[in-house]
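Undergrad: What shape does this take:
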Amino acid sequence: MKKILYLTFYFEPDLCAGSFRNSPLVKELASKAKGKASIDVFTTLPNRYSSFNAEASEFEQRDNYTITRVAIPQHQSGMKDQIFSFKKYYSTVKKLTKGKKYDLVVASSSRLFTAYLGHTIAKKLNVPLYLDIRDIFYDTLEDVLEDGLIKKTALPLIKLLEKRTFSSASHINLISEGFKPYFSNYKKADFSFFPNGVDKIFLEANEDISIDDLGLSDLSDQVRTVVYAGNIGEGQGLHKVIPLAAKGLEGKIKFIIIGDGGAKGKLENELKRLKIFNVELRSPVKRNELIEVYKNADFLFVHLNNFKAFEKVLPSKIFELATFPKPLIAGLAGFAGNFVKNNIENSILFAPCDVESLIKQLNSYTYKQVRRTAIMEKFKRETVNREMVESILKYI
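TA: Below is the predicted model:
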């Protein structure tokens, strides 16, 4: 019987893209590997949002796979907090896997360090390393960090770790094809481009919505609700767009922001400074509760900050929002912006942080709702996972 080590910092019941991607992927991998391999998953206890608590066991045995959850320090998603959290995860996993034999190491990573952890273990065991890369950490830091000693010290170190990690991989899956040029120098690995997908829970949630209920009306006839749910960090840049947009759309639009994160304080400060009263902030909620909020919204919202690095990414949020017939407001550029333009009808697309464009488009928009059956069929999470699992099992 073969053994697979699976590393992911986030896993169910945590609420984040990493958890939503890896939890069903592991289940599919375990199902397809049954009789051939067992899987050890090493992750963390739920920690994505300080304002959301979910009960989870530190160890679970599920059929042919185990889940070990590492307890990490409580944090507010700041850079320093995240460094301590990853350090705890890294050292604990190294300790718990010491002396164990694995035939394959799989690591799903957005901030590089989980991938690097996978590299160190796979190298020591001399086994294949399969990486699932959800973000380019170097690019993000280059945009987020202010010029100074920390940036001058951190970036060369990150580049070194990145080179070691990616050069040793047997296979690298890139969640966005926008990442492809960045990885052109890494010739050893086989590459794939399995994106995030549409989860079954969202598909089922929309089955009971009658097409007759999808009405048409002008924006001017009532106050419309715009819902954003997810991380409130520098990467989303909500503090740069929501307060000013709310000010310009007062009396027409109410924004409901659900989530938590390192930049929530900046958003709150801007709302206070501009005396904004048509923005409601809520704590994170479970997915079944969130679905009801989405159903009752008029518009759904996704936004990334105006950083160069984000022109390569494809946010997982796009896929879940596209399952609802609501118009999508998307502040995206580059690969993600083109993806929305080409795949998601009934979208209001504007350049990140371009508040003027957002207000102008909303003011001239004739309200409508449509079913996006094409994208729901093409990007079902089940289909994506099944094909991705096939690519993983080739290495055992």
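Undergrad: Sketch out the low-pLDDT regions of this structure for me.
TA: Within the chain, the segments meeting pLDDT under 70 span 48-54, 75-78, 208-221.
Undergrad: Can you show me the helices along it?
TA: With DSSP state H as the criterion, the chain has helices at 17-33, 79-97, 113-125, 137-144, 149-168, 200-205, 238-248, 264-273, 287-296, 317-322, 334-343, 355-364, 373-378, 381-393.
Undergrad: Please identify the deepest-packed of those.
TA: Greatest average neighbour count among these goes to helix 317-322 (a mean of 26), per mean count of other Cβ atoms under 10 Å. C-beta coordinates here come from the backbone N, C-alpha and C atoms, glycine included.
Undergrad: other SSEs contacting it?
TA: Applying 3 or more Cβ pairs under 8 Å, 6 or more residues apart in numbering; DSSP states H and E, one finds that helix 317-322 contacts strand 299-303, strand 328-331, helix 334-343, helix 373-378.
Undergrad: tell me how far the shortest one is from the chain's mean position?
TA: Centroid displacement of strand 328-331 relative to its chain, using Cα atoms, centre = their mean, to the nearest Å, is 16 Å.
Undergrad: Okay, buried residues for it please.
TA: Within strand 328-331, the residues that count as buried by 16 or more other Cβ atoms under 10 Å are 328-331.
Undergrad: from those, which is closest to Val105?
TA: Within the buried residues of strand 328-331, the smallest distance to Val105 is 35.7 Å, found for Ala330 (Cβ to Cβ).
Undergrad: residues contacting that closest one?
TA: Applying Cβ atoms under 8 Å, 6 or more residues apart in numbering, one finds that Ala330 lies in contact with 301-303, 318, 336-337, 340, 344, 347-350.
Undergrad: ok, what's across the strand from it?
TA: Ala330 has the following beta-bridge partners by DSSP bridges: Val302, Leu349.
Undergrad: quick revisit: want to throw the helices of the chain into CSV with distance to Val227?
TA: CSV is the format used below for those (distance: least, Cβ to Cβ, whole Å):
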stretch, distance to Val227
helix 17-33, 17
helix 79-97, 27
helix 113-125, 30
helix 137-144, 26
helix 149-168, 35
helix 200-205, 14
helix 238-248, 12
helix 264-273, 15
helix 287-296, 6
helix 317-322, 9
helix 334-343, 17
helix 355-364, 14
helix 373-378, 19
helix 381-393, 21
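Undergrad: Out of the ones you listed, which gets nearest to Met1?
TA: The nearest among these, by Cβ to Cβ, is helix 17-33 at 9.6 Å.
Undergrad: tell me what that closest one is packed against?
TA: Partner elements for helix 17-33 (3+ Cβ pairs under 8 Å, 6+ apart): strand 2-8, strand 37-44, strand 65-70, strand 104-109, helix 381-393.
Undergrad: Show residues contacting it.
TA: 2, 4, 6, 8-13, 39, 41, 43, 48, 62-65, 106, 108, 110, 132, 134, 175, 196, 199, 315-317, 381-382, 385-386, 388-390, 392-393, 396.
Undergrad: Check those residues for burial and list the buried ones.
TA: If we count by 16+ other Cβ under 10 Å, these have these buried: 4, 6, 8-12, 39, 41, 43, 48, 64-65, 106, 108, 110, 132, 134, 175, 196, 199, 315-317, 381, 385, 388-389, 392-393, 396.
Undergrad: can you count the residues close to the residue lying closest to Leu358 once chain neighbours are set aside?
TA: In space, and not counting its chain neighbours, Leu358 is closest to Phe350: 4.8 Å by Cβ to Cβ, 6 or more residues apart in numbering. Burial of Phe350 is recorded as 24 neighbouring residues (other Cβ atoms under 10 Å).
Undergrad: who's in contact with Phe350?
TA: Residues counted as contacts of Phe350 (Cβ under 8 Å, 6+ apart) are 329-331, 357-358, 361.
Undergrad: Next one: Pro352 from Phe310, what distance?
TA: 7 Å (Cβ to Cβ, to the nearest Å).
Undergrad: and for the two, which residues touch both?
TA: 304, 332-333.
Undergrad: Let me know the closest of these to Leu141.
TA: Lowest distance from Leu141 to those (Cβ to Cβ) belongs to Leu304, with 15.6 Å.
Undergrad: Now do the phi/psi pair for that closest one.
TA: phi -120, psi 150 (degrees, to the nearest 10).
Undergrad: Same question for Ala71.
TA: According to degrees, to the nearest 10, Ala71 has phi -80, psi 120.
Undergrad: Excluding residues flanking it in the chain, which one is nearest Thr97?
TA: Setting aside the residues directly before and after it, Thr97 is nearest to Ile121 in space (Cβ to Cβ, 6+ apart), at 6.1 Å.
Undergrad: List the contacts of His171.
TA: 128-131, 189-192, 391-392, 395.
Undergrad: Surely Lys180 and Leu174 touch.
TA: Yes - using Cβ atoms under 8 Å, Lys180 is in contact with Leu174, at 6.5 Å.
Undergrad: Mutual contacts of those two, please.
TA: Jointly contacting Lys180 and Leu174 under the rule Cβ under 8 Å, 6+ apart are 191, 193.
Undergrad: quick one: which of these two has more around it?
TA: Higher neighbour count among Lys180 and Leu174: Leu174, with 22 against 13, using other Cβ under 10 Å.
Undergrad: Give the bridge partners for the more buried one, please.
TA: Ile133.
Undergrad: wait, it sits on Phe193?
TA: Yes - using Cβ under 8 Å, Leu174 is in contact with Phe193, at 5.4 Å.
Undergrad: Would you mind listing the residues touching both of the two?
TA: The contact lists of Leu174 and Phe193 share Lys180, where a contact means Cβ under 8 Å, 6+ apart.
Undergrad: on that earlier part again, tell me who's in contact with the residue nearest to Thr97.
TA: Applying Cβ under 8 Å, 6+ apart, the residues near Ile121 are 5, 93-94, 97, 102, 105.
Undergrad: Same check on Lys341?
TA: Lys341 touches 347, 349, counting by Cβ under 8 Å, 6+ apart.
Undergrad: swap in Glu382?
TA: Counted by Cβ under 8 Å, 6+ apart, Glu382 has contacts 24, 28, 197, 200.
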